[in-house]
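Visitor: Need coordinates for the below:
(one chain, ligands or ions: 2)
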Amino acid sequence: MKKLEILVVEDGKSQREMLRDFLAKEGYMVREAASGEEALDEVRAHYFDVVLLDYKMPGMDGMQVLKEVKRINQEIDVVIITAYGTIETAVEAMKAGALDYITKPVDFEELTLLLDRVQERRVLIRENELLRQELRAKGVTTDQIVYRSAVMESIVNMVSRVAPSKATILLQGESGTGKELFARLIHQISPRSSRPMLTVNCGALNENLLESELFGHERGAFTGAVTRRIGRVEEADGGTLFLDEVGDLPLSIQVKLLRFLQDREFQRLGGNQTLFADVRIVSATNRDLEKMVKEGKFREDLYYRLNVVNIKIPPLRERKEDIPPLIDHFVEKYARENGKEVVGLSGEARDLLLKYDYPGNVRELENIIERAVVIARDEFISVEDLPFGEGTWFLEQEERKSDGLLKNTIEELEKKMILEAMVKASHNQTRAAEILGISERMLRYKLKKYNLKGF
Ligand SMILES: Nc1ncnc2c1ncn2[C@@H]1O[C@H](COP(=O)(O)OP(=O)(O)OP(=O)(O)O)[C@@H](O)[C@H]1O
Ligand SMILES: [Mg+2]
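Guide: Residues are numbered from 1 along each chain as shown. Ligands and ions are numbered 1, 2, ... in the order given. Model prediction:
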């Protein structure tokens, strides 16, 4: 089993070196830091499983360091070293995310036991994560992809046709259009569904870590790589590898990925053995890869390899027919999840949602509905339950459309004032007309002119 990678943070030189030597002798990979600031530099630059943190040091205090470490990488387990008799600090630290604590002077046997527990826990979490990923992937069926538009129908058909093959698939679409949902569907209806689908987010890691995440590394591959690590490519053998945000792949790694796609061969970072893995690649991006190819930011040969089947998911505003069934789907889902009796939307609320243009696509619609279901007071979601009054996203969106022409700008302003008045007046036209200082007849005329009848 792989030994933990540990950072020892302790200002006392002799104590720090004693800990370091003991842990190294036990086979752990150890690095050290003499202050909070140094510790944070280390955590930013290297991978660690565990930070052993002396809580009381000059300079940054333990709590600050703890919070910052967790902010940089939430998955690091922080173990506090605290003076005997200061259990309150330990409790406080654990509330802030520390995993455990050990008292000074450190008893090596106690420390070993503690680290064994940490290790077991990490293995368990990892296994559960894989299991959950698999289950989640299997749970996805075509009924979970909700649509009514012809364009989505043809995409679903296409996906069903190509999923069983081993062809690479590139999913393109704006953020929140459902690329990941489709990736899971592809895996689930492929003959590989009994093997895992693993995801690598190509935008989230720096070059070194990304390469090691993909292909793994050998012991000693770079400073800090004291143990061998198996990459996702190897782990996904027989299954599917989902490369999310593939447009963010650094050029150096593009070369290695290309080689892998060409002959299924790869090497672990720092290794000289050539390995093989049978992996189906599905990738996704919200960037314009073709343009990136023209600009020399993405290798053309790799682009063609990834793009054997190309699926472009249109933004939600270009397939508004999908909005009503999606609304119904999310209302049902979140009513069930939250134990609420909500069954639908008022006519006005529904109209409003149909008019919106969703820069965040389906994810945004889903968030809006989730929030509305949670705050709704009766069985129908009303306009007040939509993020409309306070956030005025709808109004902001109207603003964005303004094109600089005086006539249009004045019209937009008028429209905006009318919308605001209608919201303030809870859709009572008489009151809204009063607020605006115009006759009710004039208001009705303008509502019609601006196609705001739903309000
Ligand atoms: N057609 C759909 N039917 C049901 N749910 C959908 C549909 N499309 C998207 N969703 C839901 O919308 C949310 C966003 O989808 P997903 O994460 O797949 O988007 P994405 O394209 O990968 O976005 P990003 O580029 O930001 O990663 C998810 O909760 C997903 O389940
Ligand atoms: Mg995604």
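Visitor: So what's the residue count around the closest residue to D328 other than its chain neighbours?
Guide: Across the structure, with CB to CB, 6 or more residues apart in numbering as the measure, the residue nearest D328 apart from its sequence neighbours is G344 (7.5 Å). (Glycine included, C-beta is placed from N, CA and C.) The local packing of G344 (other CB atoms under 10 Å) involves 15 other residues.
Visitor: Now do the same contact list for G344.
Guide: Taking CB atoms under 8 Å, 6 or more residues apart in numbering as the contact definition, G344 lies against D328, V331, R350, E379, F380, I381.
Visitor: And for G231?
Guide: S212, E213, L214, F215, G216, H217, F266, R268.
Visitor: Kindly state the pLDDT recorded for it?
Guide: With respect to pLDDT, G231 has a value of 93.
Visitor: State the distance from it to ligand 1.
Guide: As judged by CB to the nearest ligand atom, to the nearest Å, G231 and ligand 1 stand 22 Å apart.
Visitor: Please report the distance of that residue from V106.
Guide: Using CB to CB, to the nearest Å, G231 is found at 35 Å from V106.
Visitor: do the same with E235
Guide: Separation of E235 from V106 (CB to CB) stands at 35 Å.
Visitor: Could you check which residue of the chain lies nearest ligand 1?
Guide: G178 (2.8 Å; CB to the nearest ligand atom).
Visitor: Give me the residues contacting the helix or strand harbouring E42.
Guide: In this assignment (DSSP states H and E), E42 forms part of helix 36-45. Applying CB under 8 Å, 6+ apart, the contact partners of helix 36-45 are 7, 9, 31, 33, 48, 51, 53, 57, 59-62, 64-65, 68-69, 72-73, 76.
Visitor: Next, the buried residues of it.
Guide: By neighbour count on 16 or more other CB atoms under 10 Å, the buried set for helix 36-45 is G36, E38, A39, L40, E42, V43.
Visitor: How about stretch 99-114?
Guide: Buried, per 16+ other CB under 10 Å, within stretch 99-114: L99, D100, Y101, I102, T103, K104, V106, L111, L114.
Visitor: That one: how far from the chain's middle?
Guide: Using CA atoms, centre = their mean, to the nearest Å, the mean C-alpha position of stretch 99-114 is found 35 Å from that of the whole chain.
Visitor: Provide the contact partners of stretch 58-68 at residue level.
Guide: With CB under 8 Å, 6+ apart as the test, stretch 58-68 has contacts from 9, 11, 35-37, 39-40, 53-56, 78, 80, 89, 92-93, 96-98.
Visitor: Following element in sequence after the helix or strand hosting V91, please.
Guide: Element membership for V91 (DSSP H and E) is helix 87-95. Downstream of helix 87-95, the next assigned helix or strand under DSSP H and E is strand 100-104.
Visitor: Look up how far I186 lies from the residue nearest to A277 when sequence neighbours are not counted.
Guide: With sequence-adjacent residues excluded and distances taken as CB to CB, 6+ apart, A277 is closest to D237, at 4.5 Å. The span separating D237 from I186 equals 18 Å under the rule CB to CB.
Visitor: okay, the two: which has more neighbours?
Guide: A direct count of neighbours by other CB under 10 Å for D237 and I186 places I186 higher, at 27 against 16.
Visitor: ok, how many other residues are close to the spatially closest residue to that one that is not a sequence neighbour?
Guide: On the basis of CB to CB, 6+ apart, the spatially nearest residue to I186 that is not a chain neighbour turns out to be A163, at 4.6 Å. Neighbour count of A163, defined by other CB under 10 Å: 23.
Visitor: how about A163, what does it touch?
Guide: Shown here is A163, whose contacts under the criterion CB under 8 Å, 6+ apart are L185, I186, H187, I189, S190.
Visitor: Pick the one among the residues you listed closest to V423.
Guide: L185 (39.2 Å; CB to CB).
Visitor: Tell me the helices and strands packed up against the helix or strand where the closest one lies.
Guide: Following DSSP H and E, one finds L185 within helix 179-188. Helices and strands touching helix 179-188, by 3 or more CB pairs under 8 Å, 6 or more residues apart in numbering; DSSP states H and E, are helix 108-139, helix 150-162, strand 169-172, strand 197-201, strand 240-244, strand 280-285.
Visitor: Double-check that R195 belongs to a helix.
Guide: No. Looking at R195 with DSSP: H, G, I helix; E, B strand; the rest coil, it is coil, so not inside a helix.
Visitor: Give me the domain ranges for this protein.
Guide: In terms of domains, the chain is parsed into 5-123, 140-312, 318-449 (source: automatic domain parsing).
Visitor: Out of those, point me to the one whose mean pLDDT is lowest.
Guide: Mean pLDDT per stretch puts domain 318-449 lowest among the domains of the chain, at a mean of 82.
Visitor: Does that one reach ligand 1?
Guide: Yes. Domain 318-449 comes into contact with ligand 1 when judged by CB under 6 Å from any ligand atom, the residues involved being V362, R363, E366.
Visitor: Between these, which sits nearest M292?
Guide: Sorting these by distance to M292 puts R363 at the head of the list, at 23.6 Å, by CB to CB.
Visitor: Name the nearest residue to the closest one, ignoring sequence neighbours.
Guide: Taking CB to CB, 6+ apart, and ignoring the residues beside it in sequence, R363 has G176 as its nearest neighbour in space, at 3.3 Å.
Visitor: K446 too?
Guide: If you skip the residues right next to it in sequence, K446 has I418 as its closest partner in space, 5.9 Å away by CB to CB, 6+ apart.
Visitor: Can you give me the buried ones in the helix or strand hosting that neighbour?
Guide: I418 belongs to helix 406-424 when assigned by DSSP H and E. Across helix 406-424, burial judged by 16+ other CB under 10 Å covers E412, K415, K416, I418, L419, E420, A421, M422, V423.
Visitor: right, and the helix or strand after it?
Guide: Going down the chain from helix 406-424, the next helix or strand is helix 429-436, by DSSP H and E.
Visitor: now the angle from that next one to helix 406-424?
Guide: Here helix 429-436 runs at 120 degrees with respect to helix 406-424, directions being taken by axes from the mean of the first three to the mean of the last three CA atoms, to 10 degrees.
Visitor: what does helix 429-436 rub up against?
Guide: Residues lying outside helix 429-436 but in contact with it, judged by CB under 8 Å, 6+ apart, are M417, I418, A421, M422, K424, A425, S439, E440, M442, L443, R444, L447.
Visitor: switch to 6 Å and redo it
Guide: Residues outside helix 429-436 that contact it (CB atoms under 6 Å, 6 or more residues apart in numbering): A421, M422, A425, E440, L443.
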